[in-house]
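Colleague: give me the fold of what follows.
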Amino acid sequence: MNEGPRPIEVLLVEDDPGDVLLTVEAFEHNKVNNTLHVVNDGEQAMAFLHREGEYADVPRPDLILLDLNLPRKDGREVLQEIKQDENLRRIPVVVLTTSEADEDILRSYNLHANAYVTKPVDFDQFISVVRRIDDFFVTVVKLPH
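Modeller: Sure thing, here's the model as predicted:
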């Protein structure tokens with residue numbers, strides 16, 4: 001009996017509390033059993049990914065949603081560190097940001113981002129975009145275990 005796709009662990013790296021709330025709401029509305037972990041800056045993201053300190057017992061994420069404009073360590077630096085790390089580089093990273101700048105898009109793909117998505121300002125569109133990302137990575141994409 002097929003029980004559908006397995007739930008995935010998603011790490012959201014986002015410093016804007018409003019965007020965190022919208023993303024959490026989008027996941028809840030989607031009725032998917034994915035687990036959403038949230039960190040608020042780039043240093044916390046790397047500590048989570050390396051399972052350091054308070055993050056020693058966290059699961060390895062199957063997907064990372066990464067904002068570019070973060071305090072303490074920029075999202076671009078986080079992306080570069082992830083993709084240069086032998087143990088982390090296979091985790092898909094979706095850049096989810098307000099920036100529509102061509103240089104940010106190009107740099108993100110040059111740093112091996114798996115997708116670049118501009119956050120819609122509209123509430124319903126934002127929810128829809130997050131749901132589509134979630135659906136795509138849960139039902140369409142095969143993720144490494």
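Colleague: contacts and neighbour counts: CA atoms only from here.
Modeller: Noted.
Colleague: okay, and the helix or strand of this protein with the least pLDDT?
Modeller: Least confident helix or strand, the chain: helix 123-135 with a mean of 83, by mean pLDDT, DSSP states H and E.
Colleague: just want the most central residue of the protein.
Modeller: Leu65 (1.2 Å; Cα atoms, centre = their mean).
Colleague: just checking, what packs against whichever strand or helix holds that one?
Modeller: Following DSSP states H and E, one finds Leu65 within strand 63-66. When contacts are defined as 3 or more Cα pairs under 8 Å, 6 or more residues apart in numbering; DSSP states H and E, strand 63-66 sits against strand 9-13, strand 93-97.
Colleague: sorry, back to before: if I read this right, the residue nearest to the centre of the chain contacts Leu12, doesn't it?
Modeller: Yes: assessed by Cα atoms under 8 Å, Leu65 is found in contact with Leu12 at 4.8 Å.
Colleague: now render the helices and strands packed on strand 63-66 as CSV, adding distance to Asp19, mean neighbour count and mean pLDDT.
Modeller: CSV is the format used below for these (distance: least, Cα to Cα, whole Å; neighbours: other Cα atoms under 10 Å; pLDDT from 0 to 100):
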stretch, distance to Asp19, mean neighbour count, mean pLDDT
strand 9-13, 10, 22, 94
strand 93-97, 10, 23, 92
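Colleague: what would those strands look like in TSV with distance to Lys73?
Modeller: Shown next, in TSV, are the helices and strands packed on strand 63-66 (distance: least, Cα to Cα, whole Å):
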stretch	distance to Lys73
strand 9-13	11
strand 93-97	15
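Colleague: who wins for proximity to Asn87 among those?
Modeller: Asn87 sits nearest to strand 93-97 of all the helices and strands packed on strand 63-66, at 13.9 Å, using Cα to Cα.
Colleague: so for whichever helix or strand comes after the closest one, what gets flagged as buried?
Modeller: Once strand 93-97 ends, the next helix or strand along the chain (criterion: DSSP H and E) is helix 102-110. Across helix 102-110, burial judged by 16 or more other Cα atoms under 10 Å covers Asp104, Ile105, Ser108.
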